[in-house]
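**Q** Fold the following.
(2 chains)
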Amino acid sequence: MTRLDSLSDAELVRRCKAGDAEAWNALVDRFSRYVSTICLRGFRLRAEDAEDVFQDVFTRVYTNLHTLRNESALRPWIAQLTRRLCLDTLASGAREQPEAEPISVDREARLDEIDEAFAVREALHNLSDTCQDMLDRFFAQDQSYRTISSELDIPSGTIASRIARCLGKLRVELEGRSDPSAGSRE
Amino acid sequence: MSRNYDYDEERLGELLRVLRPAPIGWVSAAHELPAARRSFDEIVERAEADAAFRKALVSDLEAALASEGYEPDRRLRSELERRLAES
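**A** Predicted coordinates for the structure are as follows:
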């Protein structure tokens, strides 16, 4: 975790506006999963279309950041921009990928779940670096116990129990939160 | 909309699986945007001030850029083409 990871969205935006290149990289890192997941999972764009939308989103964020008046509204601004560009892409003739989930899981439900996942991921940042790393490797990167063990230099026999403990801590971290915006770094 | 964040561990695991890392190439290109934009602005400025450079760009954009040491990606090339056609 770098020192910029702990900055609020508003502070990150202020630094980006001041031309801080590291802050820009941190902003991209903070939202890259969110934007790509909206494109690929939310709108089911094909990879090449998703990549175009992804780059277009960050280009517009970079060039229009100075117009963002409420600097803590970065996430909803990026979400709205990404959704609009995905819709434009579909309207211009791009095709969605075939459904891999039941038809009842519609687009809005998928987008809601992505926002929920983002809030959980933000809560994850309040755990130790080791917990963040381990949960991310296991759940988001599909790494095996063996790989995690060797990468983090932790005995493989303890990985499962450590993951369970970290999940427990994450659960406690999220308990009592009832406002989705609580997941944003303000 | 209000939402309750009391989850069991299985659901937490499902939600952690949702946000997969974006492809590394996509993220690298986004990191390089500030430098790419600077190149873009520089090229446009030069094209506005130097008629010969502008003519070379309009005639063969890729070759003109390469000969000047610029390596803009596909998106910036398209944007440059659009910009040159407009002006």
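**Q** Please count neighbours and contacts with C-alpha atoms only from this point.
**A** Will do.
**Q** Okay, buried residues for the one helix or strand in chain B whose mean pLDDT sits lowest please.
**A** Lowest on mean pLDDT, DSSP states H and E among the helices and strands of chain B sits helix B:74-86, with a mean of 83. Buried residues in helix B:74-86, counted by 16 or more other CA atoms under 10 Å in any protein chain shown: B:L76, B:R77, B:L80, B:L84.
**Q** can you put these in CSV and add distance to chain A?
**A** Listed next are these as CSV, based on distance: CA to the nearest CA, whole Å:
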residue, distance to chain A
B:L76, 10
B:R77, 14
B:L80, 14
B:L84, 19
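**Q** For the least confident helix or strand of chain B, name the packing helices and strands.
**A** Judged by 3 or more CA pairs under 8 Å, 6 or more residues apart in numbering or on different chains; DSSP states H and E, the packing partners of helix B:74-86 are helix B:33-49, helix B:61-67.
**Q** Quick check: buried residues in the first one?
**A** Right, helix B:33-49. B:L33, B:P34, B:A36, B:R37, B:S39, B:F40, B:I43, B:V44, B:A47.
**Q** Repeat that for the shortest one.
**A** Of the residues in helix B:61-67, those buried by neighbour count under the rule 16+ other CA under 10 Å are B:L61, B:A64, B:L65.
**Q** and the last one, what is it in contact with?
**A** Residues near B:L65 by CA atoms under 8 Å, 6 or more residues apart in numbering or on different chains: B:L57, B:E71.
**Q** Now do it against B:R46, distance only.
**A** Distance, B:L65 to B:R46, by CA to CA, to the nearest Å: 12 Å.
**Q** I'd like to know which of the buried residues of helix B:61-67 is nearest to A:D153.
**A** B:L65 (47.9 Å; CA to CA).
**Q** now what about the least confident helix or strand of chain B, what contacts it?
**A** Contacts of helix B:74-86 (CA under 8 Å, 6+ apart): B:A36, B:F40, B:V44, B:V58, B:L61, B:E62.
**Q** got the angle for it vs helix B:33-49?
**A** Counting by axes from the mean of the first three to the mean of the last three CA atoms, to 10 degrees, helix B:74-86 lies at 20 degrees to helix B:33-49.
**Q** Which residue is most remote from the mean position of chain A?
**A** Relative to the centre of chain A, the most outlying C-alpha is that of A:G157, 30.0 Å out, by CA atoms, centre = their mean.
**Q** That one falls within a strand, correct?
**A** No. Per DSSP: H, G, I helix; E, B strand; the rest coil, A:G157 lies outside any strand segment and is helix.
**Q** before we move on, back to that, among the helices and strands packed on helix B:74-86, which comes closest to A:R60?
**A** helix B:33-49 (10.3 Å).
**Q** and the closest one, does that touch chain A?
**A** Yes. Applying CA under 8 Å from any CA of the partner chain, one finds helix B:33-49 touching chain A at B:L33, B:P34.
**Q** Also stretch B:15-23?
**A** Yes. Judged by CA under 8 Å from any CA, stretch B:15-23 and chain A are in contact via B:L15, B:L16, B:R17, B:V18, B:L19, B:R20, B:P21, B:A22.
**Q** what residues does that stretch touch?
**A** Contacts for stretch B:15-23 (CA under 8 Å, 6+ apart): A:32-34, A:36-37, A:113-114, A:116-118, A:120-121, A:135-136, A:139-141.
**Q** out of the residues you listed, which are inside helices?
**A** Counting by DSSP state H, these place A:32-34, A:36-37, A:113-114, A:116-118, A:120-121, A:135 in helices.
**Q** Filter those residues down to the buried ones, ChimeraX style.
**A** ChimeraX command restricting the ones in helices among the contacts of stretch B:15-23 to the buried ones, with burial defined by 16+ other CA under 10 Å:
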select /A:32,33,34,36,37,114,116,117,118,120,121,135
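**Q** so which of the ones in helices among the contacts of stretch B:15-23 are also by chain B?
**A** Applying CA under 8 Å from any CA to those, those adjacent to chain B are A:32-34, A:36-37, A:113-114, A:116-118, A:120-121, A:135.
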